[in-house]
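In: Sequence first, predicted coordinates after that:
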Amino acid sequence: MVENFPDDPTIRYNLACYECQLGRLEQAKSWLKTAFKLGGAKQFKLMALEDPDLEPLWKDIGDV
C-alpha cells in the first residue's frame, strides 16, 4: 500500500514509529531515512526527536 503514495513522507514516518514500537529498529531507521529524504530532513528530524514513539532511536537520529 505504501507504494500507492510514493511521495508521502508522513506515511514512512508513521511506519518508522510502528517499527520502532515493535522493536524493529533497523527497519524503523530505514523508514525514517526515506521520510527524511522525501519530506525534508531538518523538519522531520526535529519532529522525530520529540516523538516518544521513536525514543529508542533518539540517539541515532543524527546519523539517519
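Out: Thanks, I have the structure now. Numbering: from 1, shown residues only.

In: contacts, neighbours, all on C-alpha from now
Out: Will do.

In: for the protein, what are the low-confidence residue spans?
Out: Residues of the chain meeting the criterion pLDDT under 70: none.

In: Do a quick rundown of the helices in it.
Out: Assigned by DSSP state H, the chain shows helices spanning 9-21, 25-39, 41-48.

In: Go ahead and flag the most central residue of the protein.
Out: In the chain, the C-alpha nearest the mean C-alpha coordinate belongs to Leu32, at 2.7 Å (C-alpha atoms, centre = their mean).

In: hang on, the earlier thing: could you point out which of the helices of the chain sits nearest Lys59?
Out: Minimum separation from Lys59 across the helices of the chain (C-alpha to C-alpha) falls at helix 41-48, 10.8 Å.

In: What are the buried residues along that closest one?
Out: Buried residues in helix 41-48, counted by 16 or more other C-alpha atoms under 10 Å: Ala41, Phe44, Lys45, Ala48.

In: How about stretch 8-27?
Out: Buried positions in stretch 8-27, judged by neighbour count with 16+ other C-alpha under 10 Å: 9-10, 12-21, 25, 27.

In: and which of these is nearest to Asp60?
Out: Out of those, the member with the shortest distance to Asp60 (by C-alpha to C-alpha) is Leu25, at 10.2 Å.

In: The closest one contacts Tyr18, correct?
Out: No - assessed by C-alpha atoms under 8 Å, Leu25 is found out of contact with Tyr18, at 9.9 Å.

In: so what's Leu46 up against?
Out: Taking C-alpha atoms under 8 Å, 6 or more residues apart in numbering, we find Leu46 in contact with no residue.

In: can you do 10 Å?
Out: Residues in contact with Leu46 (C-alpha atoms under 10 Å, 6 or more residues apart in numbering) are Ile61, Gly62.
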